[in-house]
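Participant: Below: sequence and its predicted model.
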Amino acid sequence: MSVTLQSVLGEGTEGSTCFINLLIDKIRINLSVWNSEPDVVKETLDTLIALVSRTKRYVKSIMQEENFHWILVFTISLMANLPNSS
């Protein structure tokens, strides 16, 4: 990564926080618009899991995002509407 990008988007910068917030918003949009597509929902949730597990420093701020709470509630409601597997 170039020195310029590292200084703007590197770990602990305001730019990295902004970028993570944009990713959370994109995840919310994907779930909202594409929730009838199981593959898109799975890939989107995999992205969320990777984001949270790889950015441990930002987990607290991610969890405080309004969009993160929306994602949790929406995902739970999606799971509640899945057909029974028994």
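Facilitator: Structure received. Residues are numbered from 1 along each chain as shown.

Participant: What segments of the chain are helices?
Facilitator: Assigned by DSSP state H, the helices in the chain fall at 3-9, 14-33, 38-54, 59-64, 66-80.

Participant: Turn those into JSON lines, including mean pLDDT and mean neighbour count.
Facilitator: Where C-beta positions appear, they are placed from N, C-alpha and C, glycine not excepted. Below are the helices of the chain laid out as JSON lines (pLDDT from 0 to 100; neighbours: other C-beta atoms under 10 Å):
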{"stretch": "helix 3-9", "mean pLDDT": "73", "mean neighbour count": "11"}
{"stretch": "helix 14-33", "mean pLDDT": "86", "mean neighbour count": "15"}
{"stretch": "helix 38-54", "mean pLDDT": "87", "mean neighbour count": "13"}
{"stretch": "helix 59-64", "mean pLDDT": "78", "mean neighbour count": "12"}
{"stretch": "helix 66-80", "mean pLDDT": "84", "mean neighbour count": "13"}
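
Participant: Do you know the pLDDT at residue 84?
Facilitator: Per-residue pLDDT puts residue 84 at 62.

Participant: Okay, the closest residue to residue 34 other than its chain neighbours and residue 69: tell me how far apart.
Facilitator: Nearest non-adjacent residue to residue 34, counting by C-beta to C-beta, 6 or more residues apart in numbering: residue 40, 4.0 Å away. Distance, residue 40 to residue 69, by C-beta to C-beta, to the nearest Å: 21 Å.

Participant: for residue 8, same thing?
Facilitator: 28 Å.

Participant: Just give the nearest non-adjacent residue to residue 10, would you?
Facilitator: Spatially, and ignoring its direct neighbours in sequence, residue 10 is nearest to residue 16 (6.4 Å; C-beta to C-beta, 6+ apart).

Participant: list the contacts for that neighbour?
Facilitator: Counting by C-beta atoms under 8 Å, 6 or more residues apart in numbering, residue 16 touches 9-10, 58.
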